[in-house]
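no sequence for this one, just the structure:
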């Protein structure tokens, strides 16, 4: 997407902007002091979403990204966001989620259900988040350029 890492990073970590791009985000439910550099961010999803989500910072490096342990009612894992400068005043933003299901009511069959049904939906949700985020970055850039 067009822009600088600093602009993309500032938008990504601006919790007041999350409703516009984070899939299923409703509101921050806890103290976010220290976040994104440290601590735990607790947020609630929309009613049909993930419920209460906790993101505990494991690693943060300005202009590079953040890795957080994530947990909600159904999954636990790691989420990483990275920012990479590209030629021609562009930035690449990557979002990765690695998770395990907490409950496996169908035993070994749950791995198949996860692979066929759950993981594709997770990938689609991450893709929608990044697409909306890109639109926000482009919009902010246009506003900043006086367009």
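Happy to help now that I have it. Predicted model only: the values in this text are computed from it and were never measured.

quick one: the strands in this structure?
Along the chain, counting by DSSP state E, strands occupy 25-28, 40-45, 52-61, 65-71, 75-86, 90-101.

next, the angle from the third one to strand 65-71.
Right, strand 52-61. 150 degrees (axes from the mean of the first three to the mean of the last three C-alpha atoms, to 10 degrees).

report the rounded mean pLDDT for strand 52-61.
Computed over strand 52-61, the mean pLDDT rounds to 98.

can you list the helices and strands that it packs against?
Secondary-structure packing of strand 52-61 (3 or more C-beta pairs under 8 Å, 6 or more residues apart in numbering; DSSP states H and E): strand 40-45, strand 65-71. For every residue, glycine as well, the C-beta is placed using N, CA and C.

just put those in TSV and tack on mean pLDDT.
As requested, these are exported to TSV (pLDDT from 0 to 100):
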stretch	mean pLDDT
strand 40-45	97
strand 65-71	98
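
residue 116: which of those strands is closest?
Nearest to residue 116, of all the helices and strands packed on strand 52-61, is strand 65-71, at 22.2 Å by C-beta to C-beta.

now do the worst-scoring helix or strand of the chain on mean pLDDT: everything it contacts.
Sorting the helices and strands of the chain by mean pLDDT, DSSP states H and E puts helix 109-113 at the bottom, at a mean of 88. Contact partners of helix 109-113, identified using C-beta atoms under 8 Å, 6 or more residues apart in numbering, comprise 101, 104, 106.
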